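Peer 1: got a structure for you, letters missing:
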DNA sequence: GTTAATCCCTACTCGATAGATAGGAAAACT
DNA sequence: AGTTTTCCTATCTATCGAGTAGGGATTAAC
């Protein structure tokens, strides 16, 4: 009965918002300032600062210091996957560490991984989550917020009502 | 950089272990006792007690009190889905409450759900997770732990290496 | 070179929750 | 009655997420 809800942390939500903001900015405009991002996204400024530092350390964004500084994407938005962002803020996509591809760790009390039923099914889940989050780019995601979801340029992902 | 890992709680892991244990028990054998389940699964006894009570309140298991009492499944293992179990212990499957089918709640700061890019992609994830967890039965899962994964009786789910 | 705007780093608070434990009450069988 | 089991209530502790605070470092502009 423990329905605390949301497994996407507030951190993660803010990070996605910020990245979408950066992706939506005109390509020739300069770096976007923290205050601007925070203001538009209803994000506590100081908190966002810390998140952006993490994204920078991970190589997803580039910072420009000094007057008129700010942040911009390190790569084109078509080459940044949503999974990349979420891993920074929320850790591995896998529900159990023993099926994580990038952060593998044994489960403490697991006698034999090969015969662990939990591991088997969680691997399936991990697989499916990965096919969405690691194959959907930031560009595709940002385009989703434009009202009409009829953007045929994205061939990988098909929308489905929920 | 927050990789605490596992989004499947310990509670959830214990619940799955216990349910698999119950599913694996001989159908004519009596109810399984907490101590037996706890012993075989390396689960703290008192903790497991609380979990089983939750599973009972949710109608997944039936308890028998008194001497030679214990627990048994409320329905055949083929009719209990893994998602049913995980929702009891870990809450909604969705990563954000606004795409949860059974526990829908608005996101606090969401201006317009129709144009929320985060919501769109999280709905896709929710969809994929659901197709695994709500279509894989406890019986199928328990059969996975038998070493050979060649069980053609389960037609819904195909195994894939990870 | 001074200024002003920005990024960056360290530390801290507060509240919630996961995990676990303890003791006993209620029920059912012998 | 007595034993064995589930069941209920309360409690504890450590960790973590979320957010705050303040100042130091860096650089563009003037």
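Peer 2: Nice, thanks for sending it over. Keep in mind that this is a model prediction, so the values were computed, not measured.

Peer 1: okay, CA-based contacts and neighbour counts for the rest of this
Peer 2: OK.

Peer 1: For residue A:117, give me its contacts.
Peer 2: B:141, B:142, B:143, B:144, B:145 (CA atoms under 8 Å, 6 or more residues apart in numbering or on different chains).

Peer 1: What are the neighbouring residues in contact with the first one?
Peer 2: When contacts are counted by CA under 8 Å, 6+ apart, residue B:141 touches A:117, A:118, A:120, A:121, B:20, B:82.

Peer 1: Quick check: next helix or strand after the longest helix seen in chain A?
Peer 2: In chain A, taking DSSP state H as the definition, the longest helix is helix A:117-133. Tracing the chain past helix A:117-133, the next element assigned as helix or strand by DSSP states H and E is helix A:138-144.

Peer 1: Can you give me the buried ones in that following helix?
Peer 2: Buried residues in helix A:138-144, counting neighbours by 16 or more other CA atoms under 10 Å in any protein chain shown, are found at A:138, A:139, A:140, A:141, A:142, A:143, A:144.

Peer 1: Just the mean pLDDT for it, thanks.
Peer 2: The predicted model gives helix A:138-144 an average pLDDT of 93.

Peer 1: next one: stretch A:123-131
Peer 2: Average pLDDT, stretch A:123-131: 96.

Peer 1: what about it and chain B, any contact?
Peer 2: Yes - interface with chain B: stretch A:123-131 contributes A:123, A:124, A:125, A:127, A:128, A:129 (CA under 8 Å from any CA of the partner chain).

Peer 1: Now for the second one, how many residues are close by?
Peer 2: A total of 22 residues lie near residue A:124 under the criterion other CA atoms under 10 Å in any protein chain shown.

Peer 1: Let me know the closest of the residues of stretch A:123-131 next to chain B to residue A:66.
Peer 2: Using CA to CA, residue A:129 comes nearest to residue A:66 of the residues of stretch A:123-131 next to chain B, at 39.6 Å.

Peer 1: Find the nearest non-adjacent residue to the closest one, please.
Peer 2: Among residues not flanking residue A:129 along the chain, residue B:125 sits closest, at 5.9 Å (CA to CA, 6 or more residues apart in numbering or on different chains).

Peer 1: Also residue A:13?
Peer 2: Computed as CA to CA, 6+ apart, the closest residue to residue A:13 that is not its neighbour in sequence is residue B:118, at 7.8 Å.

Peer 1: Would you quantify the distance from residue A:64 to residue A:53?
Peer 2: Distance check for residue A:64 against residue A:53: by CA to CA, to the nearest Å, it reads 12 Å.

Peer 1: could you dump the buried residues of helix A:138-144 to JSON lines with distance to DNA strand D?
Peer 2: Formatted as JSON lines, the buried residues of helix A:138-144 follow (distance: CA to the nearest atom of the strand, whole Å):
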{"residue": "A:138", "distance to DNA strand D": "21"}
{"residue": "A:139", "distance to DNA strand D": "24"}
{"residue": "A:140", "distance to DNA strand D": "25"}
{"residue": "A:141", "distance to DNA strand D": "21"}
{"residue": "A:142", "distance to DNA strand D": "22"}
{"residue": "A:143", "distance to DNA strand D": "25"}
{"residue": "A:144", "distance to DNA strand D": "24"}
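
Peer 1: Report the two of these separated the most.
Peer 2: Spatial extent of these (CA to CA) is set by the pair A:138 and A:144 at 9.9 Å.

Peer 1: what's the spacing between the residue of chain A positioned farthest from its centre and DNA strand D?
Peer 2: Distance from the centre of chain A peaks at residue A:111, with 33.1 Å (CA atoms, centre = their mean). Residue A:111 sits 24 Å away from DNA strand D, going by CA to the nearest atom of the strand, to the nearest Å.

Peer 1: distance of the residue in chain A that DNA strand C sits nearest to from residue A:79?
Peer 2: For chain A, the residue closest to DNA strand C is residue A:70, as judged by CA to the nearest atom of the strand, at 3.4 Å. Using CA to CA, residue A:70 is found at 21 Å from residue A:79.

Peer 1: So for those two, which sits in the more crowded spot?
Peer 2: Neighbours were counted for residue A:70 and for residue A:79 using other CA under 10 Å; residue A:70 has more, 18 against 13.

Peer 1: Let me know whether that one touches residue A:36 as I believe.
Peer 2: No - with contact defined as CA atoms under 8 Å, residue A:70 does not count as touching residue A:36 (9.5 Å).

Peer 1: Fine, thanks again, bye for now.
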